[in-house]
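1. let's see this in three dimensions:
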Amino acid sequence: MKNKKLYSYFDYVNEPWGKLFYLCTWKQLPELKGKKILDFGSGFGITAEHLSKDNDVIAVEPSEDMIKIGRKKNSTFKQIIGGFEELKQFVDETFDCIICHNVFEYVEDRDIILAEFSRILKKGGFVSIVKHNIIGRIMQKAVFDYDIDAVKALLNGGANISRNFGEIKTYENDSLLVDDFIIDKCYGVCALYGLQDNKIKYKDGWLETMLEIESAVFEREEFRSIAFFHHLILMKK
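-> Numbering: from 1, shown residues only. Take a look at the predicted model:
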């Protein structure tokens, strides 16, 4: 049976605003060429596909449906169906980089997963984590969606709900400072373009223009504080 929610989400990430999200996060990554990379919680495989052009990429994803929807016939990365337990198969210091985008909000025991990341990551390697920013979420609900009930609920500590994946368990950036990790960079993602009407985003040149604008405010605190997402680069000491 066709999973309508996942197909709807796949259509969403392939819209201009979905493409810009990926372009922003890829631009924020340190240079990656000839590296061994793990994409943990790879979803449709969009980032794994992109990075596999110049790197050896292994993707781990528990949802077979997401893999089937996103997988291309000529994909050049290795796909593993599974979750946390799959990390045990890798020997110490296997990877130069680990990608973990919009995953930790939906799992338990982040510290245990981070400990495994630390074990299988080479010294001097890094983890790229994209996470929801609750202030940005409130901005989205108030300005773009004009969902006042949701705004009031979020301001009072209520549940943050994704229509595709259920409750978003938001967490503080500093909670990732476990084991051997330090936060090397913190970028804002979707600081401005997420507040625009979607009709504007179909105009010629919008993608290129907004990538330039978003790039100019990636690291500016006033924009990062209201961005829908934070992109953290965790370096292993």
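
2. quick one, what contacts the spatially most central residue of the chain?
-> Compute the mean C-alpha point of the chain, and by CA atoms, centre = their mean the closest residue is His101, 2.6 Å away. Shown in contact with His101 (CB atoms under 8 Å, 6 or more residues apart in numbering): 25, 41, 43, 47, 128-130. C-beta coordinates here come from the backbone N, C-alpha and C atoms, glycine included.

3. cool, and Lys141?
-> 147, 150-151, 154 are the contacts of Lys141 under CB under 8 Å, 6+ apart.

4. looking at the residues you listed, which is nearest Pro30?
-> Leu154 (32.9 Å; CB to CB).

5. I'd say Ile46 and Tyr22 touch.
-> Yes: in this structure Ile46 lies within contact range of Tyr22 using CB atoms under 8 Å: 6.0 Å.

6. shared neighbours, those two?
-> Contacts common to Ile46 and Tyr22, judged by CB under 8 Å, 6+ apart, are Val13.

7. beta partners of the residue nearest to the centre of the chain?
-> With DSSP bridges applied, His101 shows beta-bridge pairing to Val130.

8. for it, give its distance to Thr47.
-> His101 sits 7 Å away from Thr47, going by CB to CB, to the nearest Å.

9. now do the shared contacts for these two.
-> Thr25.

10. which parts of this protein are strands?
-> With DSSP state E as the criterion, the chain has strands at 36-40, 56-61, 78-81, 95-101, 121-132, 161-162, 166-167, 181-189, 229-236.

11. identify whichever of those strands lies nearest to Asp204.
-> Once these are compared by CB to CB, strand 181-189 is nearest, at 23.6 Å.

12. same for the closest one, what does it pack against?
-> helix 16-28, strand 121-132, helix 221-224, strand 229-236 (3 or more CB pairs under 8 Å, 6 or more residues apart in numbering; DSSP states H and E).

13. so can I have JSON lines of those showing mean neighbour count and mean pLDDT?
-> Below are those laid out as JSON lines (neighbours: other CB atoms under 10 Å; pLDDT from 0 to 100):
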{"stretch": "helix 16-28", "mean neighbour count": "18", "mean pLDDT": "97"}
{"stretch": "strand 121-132", "mean neighbour count": "20", "mean pLDDT": "96"}
{"stretch": "helix 221-224", "mean neighbour count": "14", "mean pLDDT": "96"}
{"stretch": "strand 229-236", "mean neighbour count": "21", "mean pLDDT": "96"}
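
14. and of those, who's closest to Val189?
-> Of those, nearest to Val189 by CB to CB is strand 229-236, at 4.0 Å.

15. what lies in contact with that closest one?
-> So strand 229-236 is contacted by 21, 24-25, 28-30, 102, 118, 121-133, 136, 173, 176, 180-190, 224 (CB under 8 Å, 6+ apart).

16. Leu211 and Gln28 touch, don't they?
-> No: the pair Leu211 and Gln28 does not pass the contact test of CB under 8 Å, sitting 11.5 Å apart.

17. need the helices and strands packed on strand 181-189 in a markdown table with distance to Arg163, can you?
-> Putting the helices and strands packed on strand 181-189 into a markdown table (distance: least, CB to CB, whole Å) gives the following:
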| stretch | distance to Arg163 |
| --- | --- |
| helix 16-28 | 15 |
| strand 121-132 | 14 |
| helix 221-224 | 25 |
| strand 229-236 | 17 |
